[in-house]
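# Quick check, what structure comes out for this input:
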Amino acid sequence: MTGRPQRAERNGIIDAMRVGGILYIVAYWHLPSYVSGIPGIGSPPSELMVTLALGSFVFVSGYLLGNTTRSGQWIARFYRRRFYRIYLPFVLASIVFLAMSFENAATFVKSIFLVSMFLPPPPLTLWFVTMIAAFYAVAPLLIVASEHPARLWPIAAAIMALLLLYNEAWGLDKRIVLYFPAFVAGVYFARRALPQSTRALAALGALTVLAALPVWFRLTGVEPQYALASLPWATLAPLAVLSAGTRAAGQFRSPPALAVLGEASFFMYLLHRPIYGALVRLWRAPDPLEQAAYMVLIGLPLVVILAVAAHFVMRRLNIHRPPFAASRAA
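Got it, this is the predicted structure:
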């Protein structure tokens, strides 16, 4: 490890990770729900990529929150901001999901009370927000502990143990266990140097390749998105991408278009299924290629345009900076 801790202010690498991850999910991974015959879905590379995308969202969320300014009533301010910036848009999206029959009433209730990861099944797509909300619940504790690794790692291990014990006793959605270490790693590296030396990056790269093997070969026989064997990849791959990108690009600052898309990525995640669902109800092409063109050429631009519009509306109200997108500490 060399160099000074990296600051997350308007970090172009972070915005690129966010935009790349959200476009992978919105423009490819979720398309089979609306278009038949999408090639490669479920293949080892696609499983690696979706786990990397989701792990990146979680890692970067921890990385940015780890730089939270702790002064005055910062914990109350932290939760208040999460309520306005994350929870309210999530509830509105959940109402739309319910109205469009993407989830039933029981799942909706569990979802808006943020307990669906502990009382599965969680909602389609919006499970990620309920999961990240659970991480935010313990974030202040992790942020304070991150100043001393001797405190952070035992606390993180204790939380992991509690999650595993809960799973054994009552069952939970295992993705909350799979991605929690990525959040902790993000908090940890927020105030420390990323791996930047050639030797450190080579070691990290080798570990990341090894971590990919259980996902690639499905060694546990469980779908990689839900397999705890995917945990090392979900944690190490985002760290490797951010570290290598920082080494290659230095203090790359987001150009305006990238910054806007990064800021709007949370709304892309919230809105893409309702938009795609509405388009399919309006018209479904008889030919799969025509349907794919319809969704990519009309649906995807609509998702981006409406997400950017929603972001700017919320910014005008001065209550929102999305959890997927802010390249500054919140």
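
# Could you measure from the residue nearest to the spatial centre of the chain over to Tyr269?
With distances taken as CA atoms, centre = their mean, Phe57 lies nearest the centre of the chain, 2.8 Å away. Here Phe57 is placed at a distance of 8 Å from Tyr269 (CB to CB, to the nearest Å). Just so you know, the C-beta spots here come from the backbone N, C-alpha and C atoms, and that holds for glycine as well.

# in the stretch 151-300 of the chain, which spans are helices?
Using DSSP state H, counting those that start in this stretch, the helices found in the stretch 151-300 of the chain span residues 175-190, 198-217, 231-249, 256-282, 288-294, 300-316.

# Which one of these lies nearest to Tyr63?
The closest of the helices of the stretch 151-300 of the chain to Tyr63 is helix 175-190. By CB to CB, the value is 3.8 Å.

# buried sites along the closest one?
175-190 (16 or more other CB atoms under 10 Å).

# just curious, which of the residues you listed is nearest to Thr68?
Ala190 (8.6 Å).

# any idea how far Glu103 is from Tyr87?
Here Tyr87 is placed at a distance of 17 Å from Glu103 (CB to CB).

# Neighbour count: these two, which is higher?
Using other CB atoms under 10 Å, the more surrounded residue of Tyr87 and Glu103 is Glu103, with 23 against 16.

# Next, the residue nearest to that one when sequence neighbours are not counted: secondary structure please.
Once flanking residues are discounted, Glu103 sits nearest to Pro123: 4.5 Å by CB to CB, 6 or more residues apart in numbering. The local conformation at Pro123, judged by DSSP: H, G, I helix; E, B strand; the rest coil, is coil.

# and Pro123, how many residues sit next to it?
Neighbour count of Pro123, defined by other CB under 10 Å: 23.

# where's it relative to Ala169, distance?
Per CB to CB, Pro123 is found 23 Å from Ala169.

# and if you look at Val184?
Distance check for Val184 against Ala169: by CB to CB, it reads 23 Å.
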